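1. Structure of the sequence below:
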Amino acid sequence: MPAKPILPIRQDDSDDSDEDYYDERGELPLRHAYIHSLAHLLHACLLRGDIDRAKRAWAILIRCHEVDWRARWQWGLLFLSSGSSDVVQNTQTSIYASQVDDDYQQAERWINSLRVGARMEDKPSLLHALILILIKHARYRQALEELETYLPSYPYLLSASLHTYAGLLAFYLAQPSSAIRQPTLAASQRTGLLEREDRDSTATSQRSSRSPSPLPDGWEHADGSLMRQARQWFAKAVEIDGNEDVAREFLRMIDHPNREAEVDKSESDEDMESVQDEISEGEGYSGESEKIGFADEYESQ
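-> Numbering: from 1, shown residues only. As a prediction, the model looks like this:
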């Protein structure tokens, strides 16, 4: 029997067994075959980045009464937010800004409408998608407020990834405004900023081997309350899932901010010692070579 198609077909008065997709000969009905071919075309267009053609295929699919569009709500979300990534790159005019806002509002309405009648096991995934949309549109504080509202309740409290996102957002917002990257810079401004960051990082790396700073830049001006909240979210994420490496690393960074500087200093000292050993070995080898050369010259005489 062929593999189960990627797009579920809604059957009336039947279960989700594989037999519901095929007839008694093990073949798809003709209408279902066309629907699944269109679903495969949509999937291929998504992989190729052909969003316009994928939207047309999706518009046909959701008109078919056999298709449960809620089973692939991520596709609809992708279509609604597909134009935002290009628009965010140039937000100097009010036209682009209004288009970004429209894309955000459509995606937010789409997700919130799905959350109303969603199954309990699907609600964390929908909240996760909403948080990603808010982050994409630089609405970091609103994203953190959404997480603070829902994370204490079931089933969100069982999601380690949502707690990690809450910690990341709190950690980001705790940084001073000068350390937060602005998402609406012009292209020339972004280029100049990147060049300055490269020069600053190069100068910092050159100074780190000589005199490492006691704390990472900007930490002494960070918001202590938000940093404590971030640590609590990270600790909860690790408690839920011990394999949550991102939360564990940020916990280590918050608890031991000086450790990275100490590690860099020890590595630089080890590198210096290895270089000195190689130099001394090279000098010893050259001395032995000179002695052997003198001995050969003496014997030849």
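2. Return the residues in contact with the closest residue in space to Leu158 that isn't next to it in sequence.
-> Nearest residue to Leu158 in three dimensions, chain neighbours excluded: Ile240, at 6.6 Å (Cβ to Cβ, 6 or more residues apart in numbering). From N, CA and C alone the C-beta is placed, and that goes for glycine too. Contacts for Ile240 (Cβ atoms under 8 Å, 6 or more residues apart in numbering) come out as Leu158, Ser159, Ala160, His163.
3. Quick check on the first one: phi, psi?
-> In this case it means Leu158. In terms of degrees, to the nearest 10, the main-chain angles of Leu158 are phi -90, psi 0.
4. I'd like the list of the contacts of Ile240 that fall within helices, please.
-> Ala160, His163 (DSSP state H).
5. with the contacts of Ile240 in mind, which one is nearest to Ser125?
-> Taking Cβ to Cβ as the measure, Ser159 is the one of the contacts of Ile240 closest to Ser125, at 9.0 Å.
6. hang on, the earlier thing: pull out the buried members of the contacts of Ile240.
-> Buried members of the contacts of Ile240, scored by 16 or more other Cβ atoms under 10 Å, are Ser159, Ala160, His163.
7. any idea which of those is closest to Tyr140?
-> The closest of these, once distances to Tyr140 are taken by Cβ to Cβ, is His163, at 16.3 Å.
8. May I ask you to confirm that that closest one is in contact with Arg231?
-> No. The criterion here is Cβ atoms under 8 Å, and His163 misses it with Arg231 at 11.5 Å.
9. For these two, list the residues in contact with both.
-> Contact criterion Cβ under 8 Å, 6+ apart; residues shared by His163 and Arg231: none found.
10. element containing Leu132?
-> According to DSSP states H and E, Leu132 maps onto helix 123-136.
11. State the mean pLDDT of the helix or strand following that helix.
-> Note on helix 123-136: by DSSP H and E, the next helix or strand toward the C-terminus is helix 140-150. What helix 140-150 shows for mean pLDDT is 95.
12. Alpha carbons of helix 140-150, as CSV, please.
-> Extracted in CSV, the C-alpha atoms of helix 140-150 (Å, rounded to 0.1, in the frame of the first residue of the first chain):
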residue,chain,number,x,y,z
TYR,A,140,9.7,41.8,22.1
ARG,A,141,7.9,43.2,25.1
GLN,A,142,4.5,42.1,23.8
ALA,A,143,5.9,38.6,23.2
LEU,A,144,7.2,38.5,26.8
GLU,A,145,3.8,39.6,28.1
GLU,A,146,2.0,36.9,26.2
LEU,A,147,4.3,34.3,27.6
GLU,A,148,4.0,35.6,31.1
THR,A,149,0.2,35.4,30.7
TYR,A,150,0.0,31.8,29.5
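13. Need the residues that contact it.
-> 127, 130-131, 134-135, 156, 162, 165-166, 169-170, 172-173.
14. For His221, state which of those is nearest.
-> For those, the residue nearest His221 by Cβ to Cβ is Leu173; the value is 13.2 Å.
15. pLDDT score assigned to that closest one?
-> The score at Leu173 is 93. That number is its pLDDT.
16. That one and Asp241, how far apart?
-> Plainly put, Leu173 is 24 Å away from Asp241 if you go by Cβ to Cβ, to the nearest Å.
17. okay if I get the buried ones among the contacts of Ile240 as TSV plus pLDDT and distance to Leu42?
-> Putting the buried ones among the contacts of Ile240 into TSV (pLDDT from 0 to 100; distance: Cβ to Cβ, whole Å) gives the following:
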residue	pLDDT	distance to Leu42
Ser159	94	29
Ala160	94	32
His163	96	34
